[in-house]
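1. Here is my input, please return the structure:
(2 chains)
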Amino acid sequence: MGGNVGYQLDFSVVWDALPSLLWACLGTIGLAVSGMLLAIVIGVGGVMLRDSRFKPARWAVMAFVELIRNTPFLVQIFFIFFALPLIGLRLDPTPTAILALGINGGAYAIEIIRGGVQSIGKGQIEAGLALGLHKAQVFRLIVLKPALRAIFPSLTSQFVLLTLTTSVASAISAYELTSVAQQIESNTFRSFEVYGTITVFYLVMSWLLMRVFDQISRRYFSYPVK
Amino acid sequence: MGWNEFAFLLRGLQWTVALSLVGFIGGGVFGLAVALARTSGQPLLERVTAGYIGLFQGTPLLMQLFVVYYGLALIGLKLDAWVAVSIGFTLHASAFLGEIWRGSIQAVPRGQTEAANALSLHYVSRMKDVVLPQAFRISLPATVGFLVQLIKGTSLAAIVGFTELARAGNIVSNQTFKPLLVFAVVGALYFVMCWPLSLYGAHLERRFAAASR
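-> Have a look, this model is predicted:
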């Protein structure tokens, strides 16, 4: 079986598997969105630690960022997959993948968010404090929102990358499009048809995501400055 | 994990370096062509290359490798896995480098092109002697940054079945039952390759920012 499939393209197996492929797209989107949310949490928390007065925390965040940004996601997800049980956490592949995506995206988010925070003039912060705002209020109102506007383009293109990276989560059999496609491929041997089709699905998903980010940017960040 | 296993990882590392170099050099050659076509002023060429770039930037690298790998087999080319993934990475890199270099070419001030035209330099000379040398300097930080991405990206050849560093790690981890140690070592080897490049890229970026202030 499978030895003589070759030159005649046959998309009927893809057609038959379409419902499960479309459901798997939702799996990919779920993975991507959860990963982004976790990345934002890690990003904001990381920036606060990174700029805190506690030196070891600063060093730890810097080391974390460099470590994550200079090693492949595939190695990271394997490491996390095998490390979690050792610290007593038994997670299914899908939550493990979300954790890995969040950690990976978080390291990039720290750098991007920090760049945005640094773009806020010191005088702005001092003015906020002088007006009697609490430190947390200064952070939220004077630092965060203008910074968010400044970083929105790079943060969102990082998120599109994160969405594409979810396909690597198939290496630990998380529930998403690539791993479902791999199952179909191993049953039907129609490799090119299956992977070609889901490549188009990924293209549509990343395009839609970019449209969504574009709309958000227009809705919330199109106010004039200066 | 003993010396034999470590030596096996180092052999995988060699393939990672080789794949990265082939992808970067091949991608560089085709990427330059993509960048030139993208800025050629010919609507059809520009639209085709824009589509090419969009296709590679909008799909996962893993899918690109799968489609190239199985697509080549489909058209009857029985290629070694090594050749097939090299073609995959070359195409991938050509799209990304093409886009980076398009931006750099367009970032060269218009007056440079206009001056070259006023001197009646022809296209080749205008590009080779005026625009590209300046674009090269502008593009350097992003190009180094992409090289780091590419080195990390070669790990996905493991999923296609090619034994480079990440797959060598997988194999050793299955043999020794010490996945954490093995993947920590594998991660460290990637880090040793990528970190100096990242630092160099950041250094270039700072220098460029200081120069253009």
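2. how about the helix or strand harbouring residue B:195, does it reach chain A?
-> Per DSSP states H and E: residue B:195 is located in helix B:179-211. Yes - residues of helix B:179-211 contacting chain A under Cβ under 8 Å from any Cβ of the partner chain: B:179, B:180, B:183, B:184, B:186, B:187, B:190, B:191, B:194, B:195, B:198. The way it works is simple: take the backbone N, C-alpha and C, and place the C-beta from them, glycine included.
3. my read: residue B:139 touches residue B:104, true?
-> Yes - at 3.6 Å, residue B:139 and residue B:104 qualify as touching, with contact defined as Cβ atoms under 8 Å.
4. Just the buried residues of the residues of helix B:179-211 next to chain A.
-> Among the residues of helix B:179-211 next to chain A, those scoring as buried are B:179, B:183, B:186, B:187, B:190, B:191, B:194, B:195, B:198 (criterion: 16 or more other Cβ atoms under 10 Å in any protein chain shown).
5. Contacts for stretch A:69-89, please.
-> Residues from elsewhere that reach stretch A:69-89 (Cβ atoms under 8 Å, 6 or more residues apart in numbering or on different chains): A:68, A:90-91, A:93, A:96-97, A:99-100, A:103-104, A:107-108, A:111, A:165, A:168-169, A:171-172, B:148, B:152-153, B:155-156, B:158-159, B:166, B:169-170, B:173, B:179-180, B:183-184, B:186-187, B:190-191, B:194-195, B:198.
6. ok, now stretch A:126-136?
-> Applying Cβ under 8 Å, 6+ apart, the set of residues contacting stretch A:126-136 from outside is A:137, A:138, A:141, A:142.
7. now those as TSV including neighbour count, pLDDT and secondary structure?
-> Output for these, formatted as TSV (neighbours: other Cβ atoms under 10 Å in any protein chain shown; pLDDT from 0 to 100; DSSP: H, G, I helix; E, B strand; the rest coil):
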residue	neighbour count	pLDDT	secondary structure
A:137	14	89	helix
A:138	19	89	helix
A:141	12	82	helix
A:142	20	84	helix
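8. the helices in the chain, which residues?
-> Just going to use chain A. For chain A, applying DSSP state H gives helices covering A:12-16, A:18-50, A:55-69, A:73-86, A:93-118, A:122-130, A:135-137, A:145-165, A:177-188, A:191-220.
9. look at chain B instead
-> Assigned by DSSP H, chain B shows helices spanning B:3-38, B:43-57, B:61-74, B:81-107, B:110-118, B:123-125, B:132-153, B:157-160, B:165-176, B:179-211.
10. which one of those helices is the most hemmed in?
-> Of all those, helix B:157-160 carries the top mean neighbour count, a mean of 23, counting by mean count of other Cβ atoms under 10 Å in any protein chain shown.
11. how about the residues of chain B near chain A?
-> Proximity of chain B to chain A (Cβ under 8 Å from any Cβ) is limited to residues B:55, B:58-64, B:66-67, B:70-71, B:73-74, B:76, B:148, B:152-153, B:155-156, B:158-159, B:166, B:169-170, B:173, B:179-180, B:183-184, B:186-187, B:190-191, B:194-195, B:198.
12. and of the helices of chain B, who's closest to residue A:16?
-> Taking Cβ to Cβ, helix B:61-74 is the member of these nearest to residue A:16, at 19.0 Å.
13. just for chain B, where's the confidence low?
-> Within chain B, the stretches with pLDDT under 70 are B:213.
14. Centre-most residue in it?
-> residue B:93 (3.7 Å; Cα atoms, centre = their mean).
15. which parts of chain A sit against chain B?
-> A:6-7, A:9, A:66-67, A:69-76, A:78-79, A:82-83, A:86, A:160, A:164-168, A:170-171, A:178, A:191-192, A:195-196, A:198-199, A:202-203, A:206-207.
16. one more time with 7 Å, if that's ok
-> When proximity is defined as Cβ under 7 Å from any Cβ of the partner chain, chain A approaches chain B at A:6, A:66-67, A:69-72, A:74-75, A:78-79, A:82-83, A:86, A:164, A:167-168, A:171, A:178, A:191-192, A:195-196, A:198-199, A:202-203, A:206-207.
17. Now, of these, which are buried?
-> Of those, these count as buried by 16+ other Cβ under 10 Å: A:66, A:69-72, A:74-75, A:78-79, A:82, A:164, A:167-168, A:171, A:178, A:191-192, A:195-196, A:198-199, A:202-203, A:206.
18. Check what pLDDT residue A:7 gets.
-> Here the pLDDT value assigned to residue A:7 is 63.
19. what's the closest non-adjacent residue to residue A:52?
-> residue A:58 (6.5 Å; Cβ to Cβ, 6 or more residues apart in numbering or on different chains).
20. what's around the one you found, how many residues?
-> By other Cβ atoms under 10 Å in any protein chain shown, the residues close to residue A:58 number 14.
21. The one 5 residues further on too?
-> If you count neighbours by other Cβ under 10 Å, residue A:63 ends up with 10.
22. Tell me how far it lies from residue B:195.
-> According to Cβ to Cβ, to the nearest Å, residue A:63 stands 11 Å off from residue B:195.
23. can you check residue A:19 too?
-> For residue A:19 relative to residue B:195 (Cβ to Cβ), the value is 45 Å.
24. per-residue pLDDT, the residue nearest to the spatial centre of chain A?
-> Centroid-nearest residue in chain A, with Cα atoms, centre = their mean: residue A:162, separated by 3.6 Å. Model confidence at residue A:162, expressed as pLDDT, equals 97.
25. looking at it, it is touching residue A:33, isn't it?
-> No - assessed by Cβ atoms under 7 Å, residue A:162 is found out of contact with residue A:33, at 9.8 Å.
26. shaky segments in chain A?
-> Checking chain A against pLDDT under 70 turns up A:1-7, A:225-226.
27. let's see 50
-> A:1-6 (pLDDT under 50).
28. residues in contact with residue A:102?
-> By Cβ atoms under 7 Å, 6 or more residues apart in numbering or on different chains, the residues touching residue A:102 are A:35, A:38, A:39, A:42.
29. Give me the phi and psi for residue A:53.
-> As for residue A:53, its main-chain torsions (degrees, to the nearest 10) stand at phi -80, psi -10.
30. Neighbours of residue A:55, how many?
-> The number of residues packed near residue A:55 is 8, by other Cβ under 10 Å.
31. and it, how far is that from residue A:49?
-> When distance is defined by Cβ to Cβ, residue A:55 is 11 Å away from residue A:49.
32. same deal with residue B:104?
-> Applying Cβ to Cβ, the value for residue B:104 to residue A:49 is 35 Å.
33. In this structure residue B:194 contacts residue B:147, no?
-> No - applying Cβ under 7 Å, one finds residue B:194 not in contact with residue B:147, separated by 8.7 Å.
34. hang on, residue B:30 packs against residue B:96?
-> No - between residue B:30 and residue B:96 there is no contact under Cβ under 7 Å: 11.0 Å.
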